[in-house]
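> dropping a prediction and its sequence here:
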Amino acid sequence: MRARYRNLRLFADGLEMAQGCRMTLTARSGVTILPNLHRLKILDLSESSAATLSGARQIEVRSGNSILAFGRLIEALTRTSGGERITDLVFSPDFPLWQASVSLTVPAGMRASEAVLRLLIASESGMPLAAYAAMDYSPSRPQAFFGRACDALSLLAETVNADAFVSPSGLCISDRFPRNPGLFLSKADLLTEPIQTGSRLLLTTSMTSWQIGSFARVEWEGRSWTGRIVSSFLQADNVSGPWRAELELNL
């Protein structure tokens, strides 16, 4: 019987699919809105379900109460290999902003948070602003943005010493200044001993969706670190392959 901690659930536009199928997820995320491509391989998915998936818009992969990976569907291909029917999905949370273009001038004195909202509206991506947690200054000169929406938003975030990235709720602007950690990871959450390389801490954790951009405190056998989660890499096979989450913290 498959263990509960190996549970993966696939949702396409809110509809659960692929129940009982073997699935393998590979997902990499970071504090950026350059395309983070996630991949899901599904074995022996029915033809009707594969056809439904190919027309889907939004993909979400969950384990328990955690959203492990999500995003706009980019590609859905079904092939046969070694007698097995394999459906491959490629999706990305950042793709709507990568695909969209903007041409916008904002007046002098407009707050940065309002400029972000104007850029999202101009992008016509449907992406909401989920959080703005950065300095909200008002430049003394007009600003002009032209080109990809993701480049414009990244540039604006950089001017307030922050990063732009996409969460399940929408776009987040998060500053880089140290603050009290909102997450706590103990030895019980870690699968191996943390590895520190310079100002970076590498962790292998239980399969949970740790929030990118958050500040976390990590404790292991009397040692502790505090840093910001800047990237994650998930490998999740709901039968017998890899089942781990790797985090990178900037200390």
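The structure has been received and is ready for your questions. Numbering: from 1, shown residues only.
> make it CA atoms for all contacts and neighbour counts henceforth
Noted.
> contacts for stretch 37-56, please.
When contacts are defined by Cα atoms under 8 Å, 6 or more residues apart in numbering, stretch 37-56 is touched by residues 12-13, 17-18, 21-28, 69-70, 73, 75-78, 84-92.
> try 7 Å
12-13, 18, 21-28, 73, 76, 84-92 (Cα atoms under 7 Å, 6 or more residues apart in numbering).
> and if you look at stretch 72-89?
With Cα under 7 Å, 6+ apart as the test, stretch 72-89 has contacts from 39-45, 54, 56-59, 90-93, 95.
> which members of these occur in helices, if any?
The members of the contacts of stretch 72-89 that map onto helices under DSSP state H are Ser54, Phe95.
> now, of the contacts of stretch 72-89, which are buried?
Among those, the ones that count as buried by 16 or more other Cα atoms under 10 Å are 39-45, 54, 56, 58-59, 90-93, 95.
> list the buried residues of the helix or strand harbouring Cys150.
In this assignment (DSSP states H and E), Cys150 forms part of helix 149-159. For helix 149-159, a neighbour-count test (16+ other Cα under 10 Å) marks Ala149, Cys150, Asp151, Ala152, Leu153, Ser154, Leu155, Leu156, Ala157 as buried.
> what's the mean pLDDT across stretch 234-250?
Averaged across stretch 234-250, the pLDDT comes to 93.
> start to end distance for that stretch?
Chord length of stretch 234-250, first to last residue, is 18 Å (Cα to Cα, to the nearest Å).
> could you check how far that stretch is from the centre of its chain?
Centroid separation for stretch 234-250 versus its chain: 14 Å, with Cα atoms, centre = their mean, to the nearest Å.
> run through who's touching that stretch.
Applying Cα under 7 Å, 6+ apart, the contact partners of stretch 234-250 are 2, 6-8, 22-28, 199-207, 227-233.
> okay, buried residues for it please.
Buried-residue list, stretch 234-250, by 16+ other Cα under 10 Å: 234-239, 243-250.
> just stretch 61-75 next, same as before
Buried residues in stretch 61-75, counting neighbours by 16+ other Cα under 10 Å, are found at Val61, Arg62, Ser63, Ile67, Leu68, Ala69, Phe70, Gly71, Arg72, Leu73, Ile74.
> and Met110, what helix or strand is that in?
Going by DSSP H and E, Met110 is not in any helix or strand.
> and the residue nearest the centre of the chain?
The C-alpha lying nearest the average C-alpha coordinate of the chain belongs to Ser29 (Cα atoms, centre = their mean; 4.6 Å).
> tell me the contacts of it?
Applying Cα under 7 Å, 6+ apart, we find Ser29 in contact with Asn36, Ser231, Ser232, Phe233.
> ok, and the closest non-adjacent residue to the second one?
It refers to Ser231. Gly30 (4.1 Å; Cα to Cα, 6 or more residues apart in numbering).
> what's the distance between that neighbour and Ser224?
For Gly30, the distance to Ser224 equals 23 Å [Cα to Cα].
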